[in-house]
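K.L.:
Turn this into a structure:
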Amino acid sequence: MRPARLASSSFAAPVRRQRGAALLAALLFAAAGIAHYLAVAALVRFLLATLAIAALAWLLAISCEAVGAHLGSAPTAFLHASLGNLPELFVVIFALKDHELALAQSALVGSLLANALFVLGLVLITGARQAQDGVMRFSAQLASDTATLLLVCAFIIVLLALALSTHGPAARHVEAISLVGAGSLLVVYAMWLAGAMNRERSAPVRPAAAASVALPESLALLVLGALGAAFASDWLISSAAPAIRSLSLSRAFVGIVIVAIAGNAVENASGVLLAARGQAELAVALVKGAVAQIAAFLLPAAVVVSAALPVHFTFALPPLYAGAILLTALALRQVSGDGEASLFEGVALVALYAIIAVIAALG
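P.N.:
Numbers count the residues shown, from 1 in each chain. So this is what the prediction gives:
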């Protein structure tokens, strides 16, 4: 009877995990909603909405994994690509709707930099400390692919920044160039995703656990999580301006640090925990995949979606962001391109993020 009890327990664990995430997300969502509609202090509304977005991001990630486990690896990858970053996309949409272009830009760029520098740095530090020889090893292919996708994104952003700084003819066609660049990036991303899925036809992450969650329940939670993320993002943006004033923080710091870390809470915790358990390949794949999705999917998606909004999101970012993205791509290529990383390299990535955060706070 003992093996049966163990099997039953192993199958019940993911169900409890998903329902626990749903309960936490529901409680924080309700608290944020009550605070919003009762018009409590802006800072309280902002903090509750931020926590609700983090919890909903966790629920979306778990539900994507559970649904994908029933349908196969390809749907899992598609769901993570299209739904895993929904909170950040909603933040951008509502920020643009409220004419908060600076907050929208800093939120997306911050999400990219937080994953590529801060989260990956923590993962490398943890993995290197766990490794017997002090060197964390992982797939060089994924590291190289992620740096390439980030360089393609940086290529468009930097060229537009140069055109605007020199007032060349291209500066008069920023929106058209951005739409073409967005389409190009989405094609490159689709080709990369298809190739990655062909190379990795193994079972999904934690297949036995994920597949034990009922498909209808997972689909329902996926839809509810997406709807909740939309409302919470609206509440976050509506309270952002007065909260920023009360905290005396810049919009750049709020987007690059606070919103970015909240929206990527799942990758933050999961990557470090996997590295601590010695699962270096999976830990790096989780974080690198998030970087690739933001650079080559979420950024161009924001450009396309914003075409129907009052304020358009383009690749014409402030020079600070353009330089940070380019230098981050080069840092990723240097630090992880060989499939190995030591403790000091992880510390170096975290230090780079700290420098950017300080500049954003003082800007």
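
K.L.:
What ranges does the stretch 51-200 of the chain have for its strands?
P.N.:
Counting by DSSP state E, counting those that start in this stretch, one finds strands in the stretch 51-200 of the chain at the ranges 135-137.

K.L.:
Extract the residue ranges of it that are flagged as low pLDDT.
P.N.:
The stretch 51-200 of the chain contains residues with pLDDT under 70 at 65, 68-85, 197, 199-200.

K.L.:
Now do the helices in it.
P.N.:
Ranges of helices in the stretch 51-200 of the chain, per DSSP state H, counting those that start in this stretch, are 73-83, 86-97, 101-113, 120-130, 140-166, 174-199.

K.L.:
can you tell which of these is closest to residue 55?
P.N.:
helix 86-97 (10.0 Å; C-beta to C-beta). (C-beta placed from N, C-alpha, C; glycine too.)

K.L.:
buried residues in that closest one?
P.N.:
Across helix 86-97, burial judged by 16 or more other C-beta atoms under 10 Å covers 86-96.

K.L.:
Also compute the angle for it relative to helix 101-113, please.
P.N.:
Helix 86-97 and helix 101-113 are oriented at 160 degrees to each other (axes from the mean of the first three to the mean of the last three C-alpha atoms, to 10 degrees).

K.L.:
just checking, what packs against helix 86-97?
P.N.:
helix 42-71, helix 101-113, helix 215-247, helix 260-263, helix 299-305 (3 or more C-beta pairs under 8 Å, 6 or more residues apart in numbering; DSSP states H and E).

K.L.:
Output those as TSV; include the columns distance to residue 165 and mean neighbour count.
P.N.:
Listed next are the helices and strands packed on helix 86-97 as TSV, based on distance: least, C-beta to C-beta, whole Å; neighbours: other C-beta atoms under 10 Å:
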stretch	distance to residue 165	mean neighbour count
helix 42-71	34	24
helix 101-113	17	27
helix 215-247	28	19
helix 260-263	26	26
helix 299-305	20	22
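
K.L.:
Out of these, which gets nearest to residue 253?
P.N.:
Residue 253 lies closest to helix 101-113 among the helices and strands packed on helix 86-97, at 7.8 Å (C-beta to C-beta).

K.L.:
Can you give the contact residues for stretch 27-37?
P.N.:
44-45, 48-49, 51-52, 55-56, 228, 231-232, 235, 238-239 (C-beta atoms under 8 Å, 6 or more residues apart in numbering).

K.L.:
Just put those residues in a markdown table and tack on distance to residue 290.
P.N.:
What follows is the contacts of stretch 27-37, written out as a markdown table (distance: C-beta to C-beta, whole Å):
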| residue | distance to residue 290 |
| --- | --- |
| 44 | 29 |
| 45 | 27 |
| 48 | 25 |
| 49 | 22 |
| 51 | 20 |
| 52 | 20 |
| 55 | 18 |
| 56 | 16 |
| 228 | 20 |
| 231 | 23 |
| 232 | 20 |
| 235 | 24 |
| 238 | 27 |
| 239 | 26 |
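
K.L.:
What is the nearest of those to residue 288?
P.N.:
residue 56 (23.2 Å).

K.L.:
Quick check: the gap between that closest one and residue 95.
P.N.:
Separation of residue 56 from residue 95 (C-beta to C-beta, to the nearest Å): 17 Å.

K.L.:
quick one, strands of the stretch 251-363 of the chain?
P.N.:
340-342.

K.L.:
Flag the shaky bits of it, pLDDT-wise.
P.N.:
The model of the stretch 251-363 of the chain has pLDDT under 70 over residues 263-270, 363.

K.L.:
quick one on the thing from earlier: could I get the buried residues of helix 86-97 as CSV with distance to residue 112?
P.N.:
Formatted as CSV, the buried residues of helix 86-97 follow (distance: C-beta to C-beta, whole Å):
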residue, distance to residue 112
86, 16
87, 14
88, 10
89, 13
90, 17
91, 13
92, 12
93, 17
94, 19
95, 16
96, 18
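
K.L.:
gap between the nearest residue to residue 232 once chain neighbours are set aside and residue 28?
P.N.:
Residue nearest to residue 232 in three dimensions, not counting chain neighbours: residue 52, with 4.3 Å by C-beta to C-beta, 6 or more residues apart in numbering. Counting by C-beta to C-beta, the separation of residue 52 from residue 28 is 4 Å.
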